[in-house]
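Asker: A predicted structure for the sequence below; I have some questions about it.
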Amino acid sequence: MDSGYLLQCSNCGTRNRVPHDKVGQRGKCGKCGAPLVGSHSLPIEVTDLTWEKEVVGSASPAMVELWSPHCGICSQYELSVRQMAANLYGKVRVLQLNVDDNPRTAQHYNIRGVPTVLLFRDGRLVSTLVGPQGERGIREALGV
């Protein structure tokens, strides 16, 4: 089972994990006690080691952006990915994988360029989209 969603506290900036069964409930920051808001959802960083748990084992549909710190387009797309994480909170888990640091997963999915977006439902790959993608297309592809 995946570890839920990642919310950033608007008061202190601490990143808090919210389990699936707590989505929509009023949560509090583990550090300062301020209320957590779904609009502060952040993309979750995944690695070769956490891939199975976070993506394949996800109870929710998942969007994974594969990126590289050396990619200018990826840097420009970052704000859109963060916005999608907030807008899709509770519907789709938005995750990111740095392909430079995690070559095994990138090789497994035959990634040739970044950014690439992989969409998963019930732990199975349903679509591979090359280049920056809009939220509307992600929603349509995952049926949310």
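Answerer: Right, received. Where do you want to start? Residues are numbered from 1 along each chain as shown.

Asker: for the rest of this, base every contact and every neighbour count on C-alpha atoms.
Answerer: Will do.

Asker: hey, where'd the strands end up in this structure?
Answerer: All strands of the chain, identified by DSSP state E, fall at 5-8, 15-18, 41-42, 44-46, 62-67, 93-98, 116-121, 124-130.

Asker: make a markdown table out of those and add mean pLDDT.
Answerer: Shown next, in a markdown table, are those (pLDDT from 0 to 100):
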| stretch | mean pLDDT |
| --- | --- |
| strand 5-8 | 94 |
| strand 15-18 | 94 |
| strand 41-42 | 95 |
| strand 44-46 | 96 |
| strand 62-67 | 98 |
| strand 93-98 | 97 |
| strand 116-121 | 98 |
| strand 124-130 | 96 |
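
Asker: and those as TSV, adding mean neighbour count?
Answerer: Shown next, in TSV, are the strands of the chain (neighbours: other CA atoms under 10 Å):
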stretch	mean neighbour count
strand 5-8	24
strand 15-18	19
strand 41-42	26
strand 44-46	19
strand 62-67	26
strand 93-98	24
strand 116-121	22
strand 124-130	15
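
Asker: will you turn the ones you listed into JSON lines that also has distance to Val81?
Answerer: As requested, the strands of the chain are exported to JSON lines (distance: least, CA to CA, whole Å):
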{"stretch": "strand 5-8", "distance to Val81": "14"}
{"stretch": "strand 15-18", "distance to Val81": "17"}
{"stretch": "strand 41-42", "distance to Val81": "9"}
{"stretch": "strand 44-46", "distance to Val81": "11"}
{"stretch": "strand 62-67", "distance to Val81": "8"}
{"stretch": "strand 93-98", "distance to Val81": "8"}
{"stretch": "strand 116-121", "distance to Val81": "10"}
{"stretch": "strand 124-130", "distance to Val81": "14"}
